[in-house]
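Colleague: here is the input, now give the coordinates:
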Amino acid sequence: MKFRTLLFLRMTALMMVILLTSLSSILAQDNTFSLEDAVSYSLNHQNAIQSAQLKIKEADQKILETRAMGLPHVNASFGDSYFLKKSVVLLPESFGMGNPNFEREVSFAQNHNISGTVTASTLLFNWTYLQGLKAAKVFKTYAEEDYQTVRRNAEDDVTNAYLPALLIQESEKTIQKNIKNLSTLRNETQALFDAGFVEELDVERIELSLANLQVQLDNLVRTKTMALEALKLVMGFPLADTLALSSSTDEVLESIPEPLLAEKLNFLSHPSYRAILASERLNQVNIKAQESAYYPSVNGFVNFDMQWQGDKLKDLFYTPSSVAGFTINIPIFAGFGTKAKVQQAKLKLEMLQNGKLDMERGISFQVRSARITYENAQKNLAQREKNLLLAEKIYNTTKVKYKEGVGSSLELNQAEMSLYQSQQNIIDGKFELLKTKIQLKQALGK
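Modeller: This is a model prediction of the structure:
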């Protein structure tokens, strides 16, 4: 019995360990992001994007509000007026026809005056209303393009924050690999020193190189922590949670096809440019809306009035009435105020169009500049790859000569430093190529 109980407890403990390990693995996996995952996460968690979505909903409500101005409006009122003291009319004496008991003071008012009114009115024609409805719809288009602009900015911000962290991570891996290789060489050199084939100075030089690499690695770890914190911030990711990167420089480079970068510039690919076009249409509608003050407007109405009068509630007299009609409002002179408003709207449109031209020039310049820097980055990386092959060849040859006793540790140390620098140059070159490639993609609005 004791054996079964002990076995059951052990199995339970084993299952708990497996469960916790699996849970930790799942949590760790959830916090590991590729560049695409990081961008997708930010689109669902950035407050700026949520606010832009709310602006679209606000625009929908604005359309409903403006449309309601042209729909029939129905109002009803009900009330009772009770005279605490009735008003009196003094009749002429001739009305008494000589009667000595004739009362000249007479009141025609009733104690109770109950009224109920139902009024229905609607716009029959109003040019300002029509332009306002059009403006509300254009404003929604502007809000939608503004949302796309915010999304694009969020994608760019996350990408620009992801790349430095990725560069540091790959530099960290390279240094860790070099530390491992150099540790192996240190052990081999130590064995040669113990056998009396090399000097102690050779071992100390390798020890110094290892120490320098470790310092670089420690600095990179701290810098990486800061870079990840910056990435969390732009992603809208909890700062207290851990975050890891799963993409590599080569993967991100391959994710952007070359034909995409060779396409011609299309301004409409930029949400910010489409937003300024929507703003231009909004200003054009605003001009017409201001000009509509010159046009007449027509309103129709129907009124149904109910009256109950009497000194007592049980003896009320009902007198209904109703009326229908329309009114025409014709503007004649507004002291040149309407003309000034129209001119202001036209000036705003002209300023906006100047801004649109500046945006076109700015985008064109960004594309041309990005193409040049991208081509330079391609050439620089190609040359650095050749330099790395040469550095590796020199290092391997020097290491063989050193082990065979025909080379010095100083030569090995110099070849080692050249190799490390070439490796870092490759990482920097790939990062520069990736950065310029993304900049060109962003400049094209892709």
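
Colleague: strand partners (parallel or antiparallel) of the helix or strand harbouring V323?
Modeller: Element membership of V323 [criterion: DSSP states H and E] is strand 321-329. Here strand 321-329 is paired, per DSSP bridges, with strand 297-310 (antiparallel).

Colleague: average pLDDT for the next helix or strand after the partner strand?
Modeller: Using DSSP H and E, the next helix or strand after strand 297-310 towards the C-terminus is strand 317-318. Mean pLDDT, strand 317-318: 78.

Colleague: who touches strand 317-318?
Modeller: Q110, M306, Q307, W308, Q309, G310 (C-beta atoms under 8 Å, 6 or more residues apart in numbering). Every C-beta, even on glycine, is put in place using the N, C-alpha and C of the backbone.

Colleague: list buried residues within these.
Modeller: Q110, W308, Q309 (16 or more other C-beta atoms under 10 Å).

Colleague: ok, these vs K177, which is closest?
Modeller: The nearest member of the buried ones among the contacts of strand 317-318 to K177, counting by C-beta to C-beta, is W308 at 98.7 Å.

Colleague: ok, now which ones touch that closest one?
Modeller: Counted by C-beta under 8 Å, 6+ apart, W308 has contacts H112, N113, I114, S115, L316, F317, Y318, T319.

Colleague: quick one: the one helix or strand the fourth one maps to to strand 321-329, angle?
Modeller: To tie it back to what came earlier, the one meant is S115. Secondary structure from DSSP H and E places S115 in strand 112-125. Angle, strand 112-125 to strand 321-329, by axes from the mean of the first three to the mean of the last three C-alpha atoms, to 10 degrees: 40 degrees.

Colleague: show me what the helix or strand just after strand 112-125 is packed against.
Modeller: Downstream of strand 112-125, the next assigned helix or strand under DSSP H and E is helix 127-194. Here helix 127-194 touches helix 35-45, helix 47-68, helix 200-235, strand 244-245, helix 249-254, helix 271-291, helix 337-403, helix 409-443, going by 3 or more C-beta pairs under 8 Å, 6 or more residues apart in numbering; DSSP states H and E.

Colleague: switch the ones you listed over to a markdown table; also include mean pLDDT, distance to E263 and mean neighbour count.
Modeller: Supplementary listing: those in a markdown table, determined by pLDDT from 0 to 100; distance: least, C-beta to C-beta, whole Å; neighbours: other C-beta atoms under 10 Å:
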| stretch | mean pLDDT | distance to E263 | mean neighbour count |
| --- | --- | --- | --- |
| helix 35-45 | 89 | 21 | 17 |
| helix 47-68 | 87 | 27 | 14 |
| helix 200-235 | 89 | 28 | 16 |
| strand 244-245 | 90 | 29 | 16 |
| helix 249-254 | 83 | 18 | 14 |
| helix 271-291 | 87 | 16 | 19 |
| helix 337-403 | 90 | 10 | 15 |
| helix 409-443 | 86 | 10 | 19 |
